[in-house]
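[1] Whatever this is, show me its structure:
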Amino acid sequence: MLSGVQIENYKSIKKKIEFGLGQFNVLIGENGAGKSNFLEVLATCSAILANKFSNEFMLSRGIRVVESEDIFSYFNNIPSENINITTAYENGYGCVFNLSFNKNEPFSPIESEILLMHRNLNIEEDLALVDIKDFDEDFMKEKFDKLAIETFGSHKEFYQKLSTLKKIFETGVKKDEISNEDLKKLTNIITYMDTVGSIQRQVVNQYYSKDHSSNEYNFIIYSPELSSLRNFNSESQIEPLGVNGEGLLKLLQVMQTHEPENFEKVCKTLEIFQWVEKITIEKNSHSSDQRIKIIDRFMGKEIDHRSANEGFLFVLFYATLFSSKYTPKSFAVDNIDASLNPKLCRVLIKELIKLAKENGKQAFVTTHNPAILDGLDLHDNKQRLFVVERDDEGSTNLRRVGVNDLPKPKRNGETIKLSEAFMRGHLGGLPTNF
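    From the prediction side, this is the model:
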């Protein structure tokens, strides 16, 4: 799970910005402030790590496809030469991405360089940042030999000390022939090599494995559309869910059979609609007339998804996205408030935060509806609110809204809702020119 990001020179993000992330992250801001640009940074990093940094791959992940030079910031008629992105993860690892482009060569592809680092260890500066292209079968041996000779002068001396250290571990008794200083040197070497080995395995297993497109590292920006949600036969470039909601019925059928507990979570979430009594999914995936059947509590009548209101279909999509083990671990939803009643927005966000925690999902959502904010609890560090704004020079900036940034309670002790604070301009993120 991402714990922090640093970005510089990506589209409207000219100046370096750096911030920590939670498990459920909400972005607000006026149109054109750069909310989608931030989401596309995360999706771009995912594409590079999957070794599929191409327009075809990014388009299917919800990234707006533009000319190569257009992803580089361009201010005061001066284009940036490099994009710099650093992503940090909860497990202590991080990636540094450097993107460059030959502006003098037509149709030139964007070149990307990836560095992998470990931020929890205090090791020598020249070894703290390792170019993952250096990882090969001889990497460990070369580094090990270099450290042994630099520390003890020769391999023979090193292995004699190492043999003594092994006896100490076996007997628990320190030998006179090895000093405390040598013990410290040996421990540092072993610690370093174990760390490098774990980094190497991390790269091989996570970033260069055959399963590089698995849901662990497949960041997608979803923008569900009603036409795709109503038409269950629509095809998608990716599975199980397309960026516009394609594949929803098929995934629900799979969940009903292979992860019934998560399917029940979806059904439970839909109880926020008072008129819904029960839903059932047709199991015949080969039927040309596939349907979701819904029983209306008040009419006592069975209807299908084609007759359901659009809000129901959007909530069904979100509940499925946040519940299934087959959907990405980290993803974004652009304009999550679409087609939803304001009060429903507040309840939905609470439910999705609960599902994200239960199912290990990390979500990023953008919204223009103040009611979405009322579903957040900013006292919970896993829930975070960011205001996306442009400074006086036009560069996009992200600013976290914390508990201390909220308006003080009224004289009668009543607290001001986040939605009200947003609309009053206390949080920022509103147009100021009209």
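[2] okay, CA-based contacts and neighbour counts for the rest of this
    Will do.
[3] Which residue ranges of the stretch 151-300 of the chain form strands?
    Per DSSP state E, counting those that start in this stretch, the stretch 151-300 of the chain carries strands over the ranges 220-222, 276-281, 292-296.
[4] With only the CA atoms kept, save stretch 22-38 in PDB.
    In PDB, the C-alpha atoms belonging to stretch 22-38 read as follows (Å, rounded to 0.1, in the frame of the first residue of the first chain):
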ATOM      1  CA  GLY A  22      -4.000   7.100   3.800                       C
ATOM      2  CA  GLN A  23      -6.100   4.100   3.000                       C
ATOM      3  CA  PHE A  24      -9.100   6.100   1.800                       C
ATOM      4  CA  ASN A  25      -8.100   9.400   0.100                       C
ATOM      5  CA  VAL A  26     -10.600  12.100  -1.100                       C
ATOM      6  CA  LEU A  27      -9.500  14.900  -3.500                       C
ATOM      7  CA  ILE A  28     -11.500  18.100  -3.900                       C
ATOM      8  CA  GLY A  29     -10.800  21.200  -6.000                       C
ATOM      9  CA  GLU A  30     -12.100  23.300  -8.700                       C
ATOM     10  CA  ASN A  31     -12.300  22.000 -12.300                       C
ATOM     11  CA  GLY A  32      -8.900  22.000 -14.000                       C
ATOM     12  CA  ALA A  33      -7.000  22.200 -10.700                       C
ATOM     13  CA  GLY A  34      -5.100  18.900 -11.400                       C
ATOM     14  CA  LYS A  35      -7.000  16.200  -9.500                       C
ATOM     15  CA  SER A  36      -7.000  13.800 -12.400                       C
ATOM     16  CA  ASN A  37      -3.300  14.600 -13.100                       C
ATOM     17  CA  PHE A  38      -2.500  13.300  -9.600                       C
END
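[5] now the most centrally placed residue in the chain: how far from P224?
    With distances taken as Cα atoms, centre = their mean, S330 lies nearest the centre of the chain, 3.9 Å away. Using Cα to Cα, to the nearest Å, S330 is found at 17 Å from P224.
[6] try S324
    Distance, S324 to P224, using Cα to Cα: 17 Å.
[7] Not counting residues beside it along the chain, what's closest to E351?
    Excluding the flanking residues, the one nearest E351 by Cα to Cα, 6 or more residues apart in numbering is T269, at 6.9 Å.
[8] Show me what N397 bridges to in the sheet.
    Under DSSP bridges, the beta-bridge partners of N397 are E389.
[9] Pull the number of nearby residues for it.
    N397: 23 surrounding residues under other Cα atoms under 10 Å.
[10] hang on, it packs against F19?
    No: with contacts counted by Cα atoms under 8 Å, N397 stays clear of F19, the gap being 10.3 Å.
[11] could you give the angle of the helix or strand hosting L316 to strand 276-281?
    Following DSSP states H and E, one finds L316 within helix 310-323. Interaxial angle, helix 310-323 versus strand 276-281 (axes from the mean of the first three to the mean of the last three Cα atoms, to 10 degrees): 60 degrees.
[12] neighbouring contacts of helix 310-323?
    The contact list for helix 310-323 (Cα atoms under 8 Å, 6 or more residues apart in numbering) reads 224, 226, 229-230, 241, 245, 248, 252, 262-263, 265-266, 269-270, 273, 305, 327, 339-341, 348, 352, 355-356, 359, 361.
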